[in-house]
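> Need a 3D model of the following:
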Amino acid sequence: MRQFSSLQILLLLWCLTCRLLHAEITASDESKGYRIATIGGGISGTFTAKYLAEYDVGTSRDCSLDEIVVYDVSPPPPPRDEQAQTDGDTGTIQSSSDPRPKHWQGSRVSSITLSDGSTIELGASIIYSGNQLVVDMIQGDKEYLVKGKPMSTGKTQSKDTSANNKQEAMMAQEPSGFGIYHGNQEWLLKPSPFSSYPLFLQSILKPLYFIWRYNIDLFRLRQAVQRAIHAFDIVYELLNDTSSEVTYFESPMEMWEAIGLRSAAGITFHDFLDGLGLSRDRSLELGSDDVHDVAETGWWNFNWRKWIPGMGCLRSELVTAMAINTYNQDLNQLNGLVGLVSYVPAGRDLFSIEGGNHKLMDSALYQAAKLYESSKCEPKQRIQRHQKQITAVVSDENSMELLSNEESLGTFDIVILAAPLQQSRIQFLTYSPMALDRSILYPMPLGGVHDNLDSEEDDAASSGNNEHGQRSFALPLPSSATTPYTSVVSTVVSNATLNGTHFGLSNNEPWPRSILVSERGKLLEGITTLTILSADAGLIKTFSSEELSTEQRNILFGPYHIVEYEQSWGGGREQAKDGGATPNFGGGRRSDSLPYIVYQGSKHWGKTDGKGPALYYVNAIESSVAAIEISAIGSKSTAKLVARQLGLISPWNDRMPREEL
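Numbering: from 1, shown residues only. The predicted structure follows:
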């Protein structure tokens, strides 16, 4: 019989161990294949898909995600080569959200293309150059995402010299700047008197004019905004850090607390501005008699600005008008955080994406797919987008099934809701861990569950059990997840002739490019903003709370105007219940949000290994503030939590052996 040396035996054992480990790893890899469904194809949904792909390929290099499927009520964009063929004059009006089911508003970042090739934003229109996540997305697809002038039509001009001269002459007559209209032919702030001056003089005189008009208030608010911008810079650092436990924010409130903005999110913007010491002219506010007032007697509260020519009130003029323009809410309705965000664009570098801001969503999925194509992952279509209306999400202990009416779309390990919960029209259901009849479905406890506080004696008298487990009961949803969003209607008209007499402007006075309104101006005119996109073509866009009547449009635009497009964000008669543009912030009273993870199957089913389906909610972040960049921050936060749950990333204390903790 052959004798083996000790060294040979050790080598044999080593080879056997390696083969067993390889088989175990291979089996583990084959068993991964996670499927993720994202409901909502706007900024939140598409950016989340991109970040998940980065964690799967760029960080872990695991190729653990078999599919990231985005479902939306709007169709996916055509391939890029087809988009290039249809650029320019199309002969018909095209919307980036169409065609979609009736009474569904689609993404709040959308645009239309007019028959002459002009592109007009219907929703979120401008992007601040300091928005790092959006700018990073642009850097990843520079040829497709080209920065353009904000609030322009983006129409390509002829390169013919004579045409250029004609264009320059026309632009010299185009309106510029902004004004604040108070209604009844009154202006709080008329168009800049320097609009006819050379540009280099305008760049000097305009800042001096605003410093004179708003003086110390202007500096106080700018300092507060600068502090907020610095706080957001910290957010980006925290989101990019995957090694520290404290950078995994379970809820938006945790993040605001970490960067010192939690208190601002819980008070009205008026209260926040009071803390900064900004002056307030209550005569410009509606219902000022009903507003609680602090003592305003004594020489120290004398409103000296009213008696100095050219002086104004920053809070009651510009800040209020910008809040109404951006969120269709006044300073008592906004919280301090969202108020600061609404003022960030003032005097800063802004842009829009040429061809429409909706291209950001298209590019996010394109970049996600490219990440997999350039990786060593098995070739397959991991990034998908389908036009489906999700009507139900049903969870058991192992997975979640998505239903579109009677059609099953399959089961998923993770489901991400990337749309406002109160607008989703989705039933979230689960089987009960405690029920004897497993065919009965119960509402998913999205608000969490808590233990029954009854005594043990009371519990002995009655079973105390329900579908969520022994002595466990579902918590109600916070008001931020149930309150309807504010309504906004975008109206685009051409061939308009603005009525100068109606606005109290003489024939010689210049029109501003954008007409903002005060609280009274909004009430009297029925609009929140009017923007002159092209004076030559009579092309104008308005925002309003409700659809403008024919009489209102004739007063504003003349009898020969043409309505090119009308988009209702909760402002239509049929969409008021299920749509909306921005959250109703309730002056900070509704800032408490749901967490990003609203249902964790492992906890609900009592699993100790932590494995099970989960439902995440990206739009939880909108309870305190809403903007394109804010949606991207919510996407990054959510993707980070999902990646951690699936083992794609982990903080250092998760990687340490137990004996080292």
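
> Do a quick rundown of the strands in the stretch 101-250 of the chain.
For the stretch 101-250 of the chain, the strands defined by DSSP state E, counting those that start in this stretch occupy 111-113, 119-121, 127-128, 147-148, 178-183, 186-189.

> Tabulate those strands (CSV), appending mean pLDDT and mean neighbour count.
Placement of C-beta: from N, CA and C, glycine included. Output for the strands of the stretch 101-250 of the chain, formatted as CSV (pLDDT from 0 to 100; neighbours: other C-beta atoms under 10 Å):
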stretch, mean pLDDT, mean neighbour count
strand 111-113, 91, 24
strand 119-121, 92, 25
strand 127-128, 94, 21
strand 147-148, 93, 16
strand 178-183, 94, 23
strand 186-189, 94, 19
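
> and W605, which of these is closest to it?
Minimum separation from W605 across those (C-beta to C-beta) falls at strand 127-128, 42.8 Å.

> In terms of secondary structure, what does the closest one contact?
Packing partners of strand 127-128 (3 or more C-beta pairs under 8 Å, 6 or more residues apart in numbering; DSSP states H and E): strand 350-353, helix 628-645.

> Now find how far off-centre the longest one is within its chain.
Okay, so that is helix 628-645. 12 Å (C-alpha atoms, centre = their mean, to the nearest Å).

> just the shortest one next, same as before
Using C-alpha atoms, centre = their mean, the mean C-alpha position of strand 350-353 is found 16 Å from that of the whole chain.

> just the strands in the stretch 351-500 of the chain please.
Under DSSP E, counting those that start in this stretch, the stretch 351-500 of the chain gives strands at 383-387, 392-395, 400-404, 407-412, 414-417, 427-431, 441-443, 449-451, 465-466, 469-470, 472-474, 488-494.

> could I get these as TSV with distance to L208, mean neighbour count and mean pLDDT?
Shown next, in TSV, are these (distance: least, C-beta to C-beta, whole Å; neighbours: other C-beta atoms under 10 Å; pLDDT from 0 to 100):
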stretch	distance to L208	mean neighbour count	mean pLDDT
strand 383-387	50	18	96
strand 392-395	57	20	96
strand 400-404	59	20	97
strand 407-412	59	15	97
strand 414-417	49	26	98
strand 427-431	56	19	93
strand 441-443	60	15	91
strand 449-451	59	13	66
strand 465-466	68	16	54
strand 469-470	67	16	52
strand 472-474	59	17	68
strand 488-494	35	23	95
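
> TSV for those, including distance to I555?
Shown next, in TSV, are the strands of the stretch 351-500 of the chain (distance: least, C-beta to C-beta, whole Å):
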stretch	distance to I555
strand 383-387	39
strand 392-395	47
strand 400-404	44
strand 407-412	48
strand 414-417	42
strand 427-431	45
strand 441-443	49
strand 449-451	55
strand 465-466	59
strand 469-470	61
strand 472-474	51
strand 488-494	13
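
> how about stretch 552-560: buried residues?
552-553, 556-557 (16 or more other C-beta atoms under 10 Å).

> if we can go back for a sec, who wins for proximity to V344 among the strands of the stretch 351-500 of the chain?
strand 488-494 (19.6 Å).

> The following helix or strand past the closest one packs against which elements?
Using DSSP states H and E, the next helix or strand after strand 488-494 towards the C-terminus is strand 514-517. Applying 3+ C-beta pairs under 8 Å, 6+ apart, one finds that strand 514-517 makes contact with strand 178-183, helix 320-327, strand 529-534.

> what distance separates the second one from the middle of the whole chain?
Distance of helix 320-327 from its chain centroid, counting by C-alpha atoms, centre = their mean, is 17 Å.

> got the CA positions of that helix in PDB?
This file holds the C-alpha atoms of helix 320-327, laid out as PDB (Å, rounded to 0.1, in the frame of the first residue of the first chain):
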ATOM      1  CA  THR A 320     -42.200  85.900  -1.500                       C
ATOM      2  CA  ALA A 321     -42.300  86.200  -5.300                       C
ATOM      3  CA  MET A 322     -39.600  83.500  -5.700                       C
ATOM      4  CA  ALA A 323     -41.400  81.200  -3.300                       C
ATOM      5  CA  ILE A 324     -44.700  81.600  -5.200                       C
ATOM      6  CA  ASN A 325     -42.900  81.100  -8.500                       C
ATOM      7  CA  THR A 326     -41.100  77.900  -7.400                       C
ATOM      8  CA  TYR A 327     -43.600  76.200  -5.000                       C
END
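
> List of residues touching the next helix or strand after it?
Where DSSP H and E defines the elements, the next helix or strand beyond helix 320-327 is helix 336-343. With C-beta atoms under 8 Å, 6 or more residues apart in numbering as the test, helix 336-343 has contacts from 221, 224-225, 228, 256, 261, 263-269, 271-273, 319, 322-323, 326-327, 331, 334, 585, 588, 591, 624-627, 630.

> do stretch 182-189 as well
Contacts for stretch 182-189 (C-beta under 8 Å, 6+ apart): 178-181, 213, 284, 312, 316-318, 321, 502-504, 517-518, 520-521, 523-525.

> gap between the two ends of that stretch?
9 Å (C-alpha to C-alpha, to the nearest Å).

> Let me have the helices and strands packed on strand 127-128 in JSON lines, adding mean pLDDT as columns.
Putting those into JSON lines (pLDDT from 0 to 100) gives the following:
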{"stretch": "strand 350-353", "mean pLDDT": "94"}
{"stretch": "helix 628-645", "mean pLDDT": "97"}
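
> Looking at the ones you listed, which is nearest to Y485?
helix 628-645 (13.9 Å).

> Show me what counts as buried in the closest one.
For helix 628-645, by 16+ other C-beta under 10 Å, it's 628-645.

> ranking the helices and strands packed on strand 514-517 by burial, who's on top?
Highest mean neighbour count among those (mean count of other C-beta atoms under 10 Å): helix 320-327, with a mean of 25.

> And the helices in the stretch 201-350 of the chain?
Shown for the stretch 201-350 of the chain, the helices assigned by DSSP state H, counting those that start in this stretch span residues 252-258, 262-265, 269-276, 320-327, 336-343.

> For M444, which of these is the nearest?
Of these, nearest to M444 by C-beta to C-beta is helix 252-258, at 20.7 Å.

> Keeping just the C-alphas, turn that closest one into PDB.
The C-alpha trace of helix 252-258 is given here as PDB (Å, rounded to 0.1, in the frame of the first residue of the first chain):
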ATOM      1  CA  PRO A 252     -34.200  62.400   5.500                       C
ATOM      2  CA  MET A 253     -34.500  63.800   9.000                       C
ATOM      3  CA  GLU A 254     -31.300  62.000  10.000                       C
ATOM      4  CA  MET A 255     -29.500  63.700   7.200                       C
ATOM      5  CA  TRP A 256     -30.800  67.200   7.900                       C
ATOM      6  CA  GLU A 257     -29.900  66.600  11.600                       C
ATOM      7  CA  ALA A 258     -26.400  65.600  10.700                       C
END
